[in-house]
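# Please find the sequence and the predicted model below.
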Amino acid sequence: MQIVHYPHPSLRWKSQPIQSISGSLRRVVREMFELMYEAKGIGLAANQVALPFRFFIINVSGDPDLSDQEHVFINPEISNQSGLVEGEEGCLSVPQLYGQVKRFETITVEAYDLDGQGFAMDLDELPARVVQHETDHLDGVMFFDRMTDTDLQALQPQVDEFVTVFRHDQSTGTTASDAELTEQLKNLERDGLGG
Ligand code: ZN
């Protein structure tokens, strides 16, 4: 498992709900936390490790020692959005690229945890931003899709550079073709994560 970079097709995938909590899901989640910490991130969605399923993880402290701040959100739904606040975002799928994004200031998120228990959280500030960013991933939305046209124009050369690198890696065979990657995603969707 690895964190995939834009424009990997999974980053434009509308992911499927998780049907059941399996041992495989637990192992995947643990591995995702390791990858997230290695990359100095505070959130990671399944799409970012090329898994077309609706879950993500966060630890807004970014500190593996603060495991009490680790949260897993399975099949998340956001409601009660209110207020708008602009803030800087980055993404482990486009490292070193940062931009200003408007997000709801406060939200409620409902989801299931790894024990299959439903929970709800009222969030604001950074946790609210991270949860909105990660939920977007599950719908194939990147943070720069939500930037203003002017801000995006300024960032476009860096976005294009990610595309150039990805296409280059495909041309040399380091990365599979879009057709093959799409096939893998469809197979995962059909077969699930396993038991
Ligand atoms: Zn991201």
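Looks like it came in fine.
# Show me where the chain has its helices.
23-38, 125-138, 149-171, 178-191 (DSSP state H).
# quick one: contacts of the third one?
Counting by Cβ atoms under 8 Å, 6 or more residues apart in numbering, helix 149-171 makes contact with 5-8, 94, 96-97, 99-100, 144, 147, 175-178, all of which sit outside it. The C-beta positions use only the backbone N, C-alpha and C, and glycine is treated the same way.
# Buried residues, it. List them.
Buried residues in helix 149-171, counted by 16 or more other Cβ atoms under 10 Å: 155, 159, 162, 166.
# picking that back up, please pick the buried ones from the contacts of helix 149-171.
5-8, 94, 97, 99, 144, 147, 175.
# Could you check how far the spatially most central residue of the chain is from residue 110?
In the chain, the C-alpha closest to the average C-alpha coordinate belongs to residue 45, at a distance of 2.8 Å (Cα atoms, centre = their mean). Residue 45 sits 17 Å away from residue 110, going by Cβ to Cβ, to the nearest Å.
# Residue 31 now?
25 Å.
# next one: residue 36
Taken as Cβ to Cβ, the span from residue 36 to residue 110 is 22 Å.
# hang on, the earlier thing: what pairs with the residue nearest to the centre of the chain across the strands?
When bridges are called by DSSP bridges, residue 45 pairs up with residue 56.
# Tell me who's in contact with it.
Contacts of residue 45 (Cβ under 8 Å, 6+ apart): 55-56, 134, 137-138.
# ok so, going back, looking at the contacts of helix 149-171, which is nearest residue 26?
residue 8 (24.3 Å; Cβ to Cβ).
# Give me the pLDDT for that closest one.
Looking at residue 8, its pLDDT reads 98.
# Now it, what are its backbone angles?
phi -50, psi 130 (degrees, to the nearest 10).
# mind checking how far it is from residue 157?
From residue 8 to residue 157 the distance is 20 Å (Cβ to Cβ).
# you'd agree residue 12 is up against residue 140?
Yes: assessed by Cβ atoms under 8 Å, residue 12 is found in contact with residue 140 at 4.3 Å.
# Serialize the buried residues of helix 149-171 to JSON lines and add fields for distance to residue 79 and pLDDT.
Listed next are these as JSON lines, based on distance: Cβ to Cβ, whole Å; pLDDT from 0 to 100:
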{"residue": "155", "distance to residue 79": "30", "pLDDT": "94"}
{"residue": "159", "distance to residue 79": "31", "pLDDT": "97"}
{"residue": "162", "distance to residue 79": "33", "pLDDT": "98"}
{"residue": "166", "distance to residue 79": "35", "pLDDT": "98"}
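# Which member of those is positioned nearest residue 85?
residue 155 (19.8 Å).
# Could you pull up the residues touching residue 129?
85, 87, 89, 101, 103.
# likewise residue 33?
44, 57, 59, 64, 70.
# If we use 10 Å, what do you get?
By Cβ atoms under 10 Å, 6 or more residues apart in numbering, the contact set of residue 33 is 41, 44, 57-59, 64, 67, 70, 72.
# One more: residue 43?
Residue 43 touches 36, 56-60, 62, 71, 73, 91-92, 126-127, 129-131, 133-135, 137, counting by Cβ under 10 Å, 6+ apart.
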